[in-house]
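Asks: take this sequence and fold it.
(one chain, ligands or ions: 2)
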Amino acid sequence: MDNWGYADHNGPKVWHELFPLANGERQSPIDIVTKAAIYDPSLPPINVDYDPSSVKLIMNSGHTFTVEFDDGEDKSVIRGGPLHGSYRLQQFHFHWGPCDDYGAEHKVDGRDYPAELHIVHWNAEKFSSFVEAAQNPDGLAVLGIFLKVRNLIRIHLLSICLIFLLYQDGKQSSFTNFDPSCLLPDCKEFWTYPGSLTIPPLLESVIWILLKEPIAVSSRQVWTSMQTFHSSCVLRGKFINPLCLFLPLKSCNTPVLLFL
Ligand SMILES: CC#CCOc1ccc(CNS(N)(=O)=O)cc1
Ligand SMILES: [Zn+2]
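Replies: Ligands and ions are numbered 1, 2, ... in the order given. Just a heads-up that it's a prediction; the model follows:
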């Protein structure tokens with residue numbers, strides 16, 4: 001059944017009715033209590049090695065937009081930190097809310113971030129597919145990055161893809177030459193814990209690696225990376241007017257005006 005959502009009738013509070021794992025032992029997301037975190041000096045740094053040519057498409061998955069990668073070979077992988085061996089990049093997606101006061105899935109010391117990027121990988125050294133890996137406690141590794149808004153400019157990629165969802169009545173669009181490591185902060189310090197997918201089927205197969213430093217972008221970075229994104233994402237022949245990408249920062253109690 002795939003009509004789960006985030007409304008009162010089909011949201012996280014009732015997911016347990018159809019997905020009993022919602023009441024499992026290692027469910028995500030969690031609130032990271034920083035004072036309870038234990039430093040482990042034996043953990044090596046996180047190392048991502050992504051091949052920009054492995055990106056395939058951007059799609060509207062119904063609950064978010066997802067950028068998918070060719071995971072038929074070890075073209076783009078993550079290693080290090082709590083991981084044993086390399087995990088293969090499969091996709092990335094974002095979680096965001098109706099405004100800039102909340103929207104991320106994990107919290108830090110009770111603090112909400114407006115959005116969260118998830119870069120999803122699977123253990124291709126031990127398993128033969130993402131679906132098989134997702135059935136095992138060490139099958140998946142998700143790199144989580146918190147997003148914060150700076151000044152009056154919301155993170156550009158959310159705006160571009162939100163507009164993509166509005167324009168694209170189909171389900172996907174071709175997408176080439178994109179390296180998601182450009183979305184990572186300079187500091188790769190992290191928290192890690194064994195958890196689950198944060199959406200149904202809620203499988204308890206994720207090694208979470210959450211970067212401590214959130215990302216935010218200046219308007220200069222927006223324009224630079226927007227040109228890269230624009231050149232690789234044509235929406236049915238429509239190019240988005242760059243000016244409409246800047247969504248005014250709003251608190252939750254005022255409507256957001258989208259200039260298309
Ligand atoms: C097995 C399965 C399945 C359905 O596909 C996905 C793929 C990725 C994810 C990752 N979700 S999250 N928010 O935990 O990174 C969830 C479901
Ligand atoms: Zn996610």
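Asks: only C-alpha atoms from now on, for both contacts and neighbour counts.
Replies: OK.
Asks: okay, now the closest residue to Lys107 other than its chain neighbours: neighbour count?
Replies: Among residues not flanking Lys107 along the chain, Asp31 sits closest, at 4.4 Å (CA to CA, 6 or more residues apart in numbering). Per other CA atoms under 10 Å, the neighbour tally for Asp31 reads 14.
Asks: what's the answer for the one 10 residues further on, then?
Replies: A count of nearby residues for Pro41, using other CA under 10 Å, gives 6.
Asks: mind checking how far it is from ligand 1?
Replies: Separation of Pro41 from ligand 1 (CA to the nearest ligand atom, to the nearest Å): 27 Å.
Asks: Gly103: what's it in contact with?
Replies: Contacts here follow CA atoms under 8 Å, 6 or more residues apart in numbering; on that basis Gly103 touches His95, Trp96, Gly97, Asp112, Tyr113, Pro114, Ala115, Glu116.
Asks: phi, psi for the third one please.
Replies: Here the main-chain torsion angles of Gly97 (degrees, to the nearest 10) amount to phi -120, psi -170.
Asks: can you tell me which residues contact it?
Replies: Gly103, Ala104, Pro114, Ala115.
Asks: name the SS class of the closest residue to ligand 1 within the stretch 101-250 of the chain, please.
Replies: Closest approach of the stretch 101-250 of the chain to ligand 1 (CA to the nearest ligand atom) occurs at Leu197, with a separation of 3.3 Å. Secondary structure, DSSP: H, G, I helix; E, B strand; the rest coil: Leu197 is coil.
Asks: ok, it touching Val206?
Replies: Yes. Between Leu197 and Val206 there is a contact under CA atoms under 8 Å: 6.4 Å.
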